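Participant: could you work out the structure for the sequence below:
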Amino acid sequence: MKVLVIGHPSAVLGFSLVGVHGQVATTAEEVTQALDEALEAPDVGIVLVTEDVAGLIRPRMDQLKLRGSVPLVIEIPGPEDIQTSRPSLNKVIQQAIGIKI
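Facilitator: Next comes the predicted model:
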C-alpha cells in the first residue's frame, strides 16, 4: 500500500524527497479532485492532507477522518503550521495506524 500526501507545495516536495508521492493543492476544487483520485486508487492505503488545505474542505475532511476504511485519511500540520505544543508527525501517524515510522 502506498502513502500519498495532498496539500501545501513545501510538504509535497519534502515528502517526495523520501519517496512519498503527492499532489499540490491550493484550492478547494484541487483538494477535492486529489482526494477523489486517492480514494479511488486501489494501491493507496494512507492519505496525508496538510491542515491548510484540509481547512478548505472541512466538512468532508471531518467525515473522511471518522470513517474506518482504506485509505486512511490523516490530517497533518503544514510547513507553516508547526507548533511545539503539537504532537510530531511521527506521533500523529503512530496514533492513527499504530505503527512507528
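
Participant: all the strands of the protein, residue numbers only.
Facilitator: Ranges of strands in the chain, per DSSP state E, are 2-7, 21-24, 44-50, 72-76.

Participant: from the contact counts, what lies against the longest one?
Facilitator: Contacts of strand 44-50 with other secondary structure elements, assessed using 3 or more CB pairs under 8 Å, 6 or more residues apart in numbering; DSSP states H and E, are made with strand 2-7, helix 28-40, strand 72-76. C-betas here are computed from N, CA, C, even on glycine.

Participant: rewinding a little: tabulate the strands of the chain in a markdown table, adding columns for distance to residue 62 and mean neighbour count.
Facilitator: Below are the strands of the chain laid out as a markdown table (distance: least, CB to CB, whole Å; neighbours: other CB atoms under 10 Å):
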| stretch | distance to residue 62 | mean neighbour count |
| --- | --- | --- |
| strand 2-7 | 16 | 23 |
| strand 21-24 | 21 | 17 |
| strand 44-50 | 12 | 22 |
| strand 72-76 | 9 | 20 |
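
Participant: out of the ones you listed, which gets nearest to residue 31?
Facilitator: For those, the distance to residue 31 is smallest for strand 2-7, at 6.4 Å, taking CB to CB.

Participant: and the closest one, which strands flank it?
Facilitator: strand 21-24 (parallel), strand 44-50 (parallel) (DSSP bridges).
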